[in-house]
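Student: Could you look at this predicted model? Sequence included:
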Amino acid sequence: QVQLVESGGGLVQAGGSLRLSCVASGRTFSNYNMGWFRQAPGKGRESVATISWGGARTAYADSVKGRFTISRDNAKNTVYLQMKRLKPEDTAVYYCKADPITGGAGYWGQGTQVTVSS
């Protein structure tokens with residue numbers, strides 16, 4: 001079992017920045033690929049960014065490329081999402097997810113709200 005706790009969300013004006021953090025506990029953090037997802041009101045959950053277990057590989061949704069950066073610190077059991085030039089359409093609940101590198105079901109955090117005002 002992996003427990004994930006997100007933080008760093010809040011209210012920001014368009015063009016501003018936020019950094020989300022997700023701290024993992026319970027299992028060896030480097031055994032998991034990590035990802036950030038978001039869900040806006042009335043919409044499905046979508047992948048925002050993912051990072052491999054060692055941090056060598058990252059991937060981003062087209063809508064956030066060039067504005068968001070995912071990173072991880074395995075020594076701190078933490079994955080980050082640096083968000084810049086935020087837009088109102090980035091408003092959503094942001095979740096982190098841990099996927100075992102051996103496959104199988106992943107684990108979700110409880111989410112953190114990001115609201116971008118125009």
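Tutor: Thanks, I have it.
Student: beta partners of the most centrally placed residue in the chain?
Tutor: Centroid-nearest residue in the chain: W36, 2.6 Å away (criterion: CA atoms, centre = their mean). Applying DSSP bridges to W36 gives these bridge partners: A49, C96.
Student: Just to check, it is in contact with I70?
Tutor: Yes. Under the criterion of CB atoms under 8 Å, W36 makes contact with I70 at 6.2 Å. Placement of C-beta: from N, CA and C, glycine included.
Student: before we move on, the earlier item: how much space separates the residue nearest to the centre of the chain from D90?
Tutor: In this view, W36 and D90 are 12 Å apart by CB to CB, to the nearest Å.
Student: With G66 instead?
Tutor: Counting by CB to CB, the gap from G66 to D90 is 13 Å.
Student: Compare the two and say which is more crowded by neighbours.
Tutor: Higher neighbour count among G66 and D90: D90, with 22 against 9, using other CB atoms under 10 Å.
Student: so who does the more buried one touch?
Tutor: R38, V64, M83, V114, V116 (CB atoms under 8 Å, 6 or more residues apart in numbering).
Student: Just give me the neighbour total for the fourth one.
Tutor: For V114, the number of neighbouring residues by other CB under 10 Å comes to 22.
Student: For Q113, give me the backbone phi and psi.
Tutor: phi -80, psi 130 (degrees, to the nearest 10).
Student: Where do the strands of this protein begin and end?
Tutor: 3-7, 10-13, 18-25, 32-39, 45-51, 58-60, 68-73, 78-83, 92-100, 107-108, 112-117 (DSSP state E).
Student: want to try a markdown table for the ones you listed, with mean pLDDT as columns?
Tutor: A markdown table is the format used below for the strands of the chain (pLDDT from 0 to 100):
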| stretch | mean pLDDT |
| --- | --- |
| strand 3-7 | 97 |
| strand 10-13 | 98 |
| strand 18-25 | 97 |
| strand 32-39 | 98 |
| strand 45-51 | 98 |
| strand 58-60 | 98 |
| strand 68-73 | 98 |
| strand 78-83 | 98 |
| strand 92-100 | 98 |
| strand 107-108 | 98 |
| strand 112-117 | 98 |
